[in-house]
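[1] This is a predicted model, with the sequence first.
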Amino acid sequence: MPSRVFMQPGKGIIDPVQTIIYTNVVIYIVSLLINPSALTASFHPLLFLSPTDESLFLLGATGTLPIDQFGRWWTLISASYLHGGILHLLFNMVAFYQLGPFILLEFGAYRLFIIYTLSGVGGFLVSYLVGIPFTIGASAAICGLIGAILYFGKSRGGFYGESIYRQAMGWVVGLILFGLLLPGINNWAHGGGLLSGVVVSFLLGYEEKRRENILHRLLAWVLFLITVFVIGGNLLRLVFFLLGA
């Protein structure tokens, strides 16, 4: 169904779920290559194959430090494509791989990208407002997908909708427990992303209520171009930094 994938003339179909996953993986690899000597600094499972804070800063980590001290507001977008270690990346990408196809089916490709992007921005904005100094990860955006599923299930109703809603609530409970038990989890970003996903999906609607239209496509492409500009700008600044080092 054309409304559920990005179509490019002469280039076939772009799967937004795979594209977002590949982008996260590539940027993670770049973050490791900036300072390869740090890769063997620790063999702790949670720290293994972790990029340095300097690498993450250069590639667009967000928080009060990058925004207040360096004016890097665009990091509210780029931070959703950065990860602090191999387990961090795997956990988030597996979660996105599980949730993304449902959003793709019920909301469409354009709205999937809108929800992912704006939920990440919303989550990190809440995190910034409460004073988190330095933060990264796709989990705020992924929590936005959970928020969208919550809204879909509650709005649709019926046996199918209620089943989806109960399952999504189970994920929310899991997120809360996960955030309470493990140190270093940015629960503010998770909560902000979840709430953003509910609000954005309410405003956009889903396929059964409102099929994707020109406004959805336009907003998705605007956000896509902004994301490409932000990530591309970070990579370009990184090249200049390395050449001047």
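    Received it, and whenever you're ready, just let me know what you need.
[2] can we go C-alpha only for contacts and neighbour counts from here?
    Fine.
[3] can you give me the helices in this structure?
    Along the chain, the stretches classed as helices by DSSP state H are 16-34, 53-59, 64, 70, 75-78, 86-107, 109-129, 139-156, 158-181, 187-204, 214-244.
[4] Could you check how far residue 178 is from residue 51?
    Computed as C-alpha to C-alpha, to the nearest Å, the residue 178 to residue 51 distance reads 23 Å.
[5] Just name the shakiest helix or strand of this structure by mean pLDDT.
    Every helix and strand of the chain was ranked by mean pLDDT, DSSP states H and E. The lowest is strand 6-8, at a mean of 42.
[6] As CSV, the helices of the chain with mean pLDDT and mean neighbour count would be great.
    Listed next are these as CSV, based on pLDDT from 0 to 100; neighbours: other C-alpha atoms under 10 Å:
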stretch, mean pLDDT, mean neighbour count
helix 16-34, 94, 18
helix 53-59, 93, 20
helix 64, 97, 21
helix 70, 95, 9
helix 75-78, 97, 26
helix 86-107, 94, 18
helix 109-129, 97, 26
helix 139-156, 95, 27
helix 158-181, 87, 15
helix 187-204, 96, 23
helix 214-244, 93, 14
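[7] got the contact list for the closest residue in space to residue 197 that isn't next to it in sequence?
    Nearest residue to residue 197, sequence neighbours excluded (C-alpha to C-alpha, 6 or more residues apart in numbering): residue 144, at 3.8 Å. Residue 144 sits next to 115, 116, 119, 120, 193, 194, 195, 196, 197, 198 when contact means C-alpha atoms under 8 Å, 6 or more residues apart in numbering.
[8] Just put the residues you listed in TSV and tack on distance to residue 100.
    Converted to TSV, the contacts of residue 144 look like this (distance: C-alpha to C-alpha, whole Å):
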residue	distance to residue 100
115	11
116	9
119	14
120	14
193	15
194	15
195	17
196	16
197	13
198	15
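[9] What is the nearest of those to residue 70?
    Set against residue 70, the nearest of these by C-alpha to C-alpha is residue 120 (20.3 Å).
[10] Give me the distance between the closest one and residue 79.
    In terms of C-alpha to C-alpha, residue 120 sits 8 Å off from residue 79.
[11] what do you get for residue 206?
    Distance from residue 206 to residue 79, counting by C-alpha to C-alpha: 27 Å.
[12] So for those two, which sits in the more crowded spot?
    Ranked by neighbour count (other C-alpha atoms under 10 Å), residue 206 and residue 79 place residue 79 first, with 26 against 22.
[13] Would you mind measuring from the more buried one to residue 36?
    Separation of residue 79 from residue 36 (C-alpha to C-alpha): 21 Å.
[14] Over to residue 199?
    Following C-alpha to C-alpha, the distance that separates residue 199 from residue 36 is 41 Å.
[15] One more: residue 26?
    With C-alpha to C-alpha as the criterion, residue 26 and residue 36 are 15 Å apart.
[16] same check, this time on residue 19
    As judged by C-alpha to C-alpha, residue 19 and residue 36 stand 26 Å apart.
[17] Then residue 25?
    As judged by C-alpha to C-alpha, residue 25 and residue 36 stand 16 Å apart.
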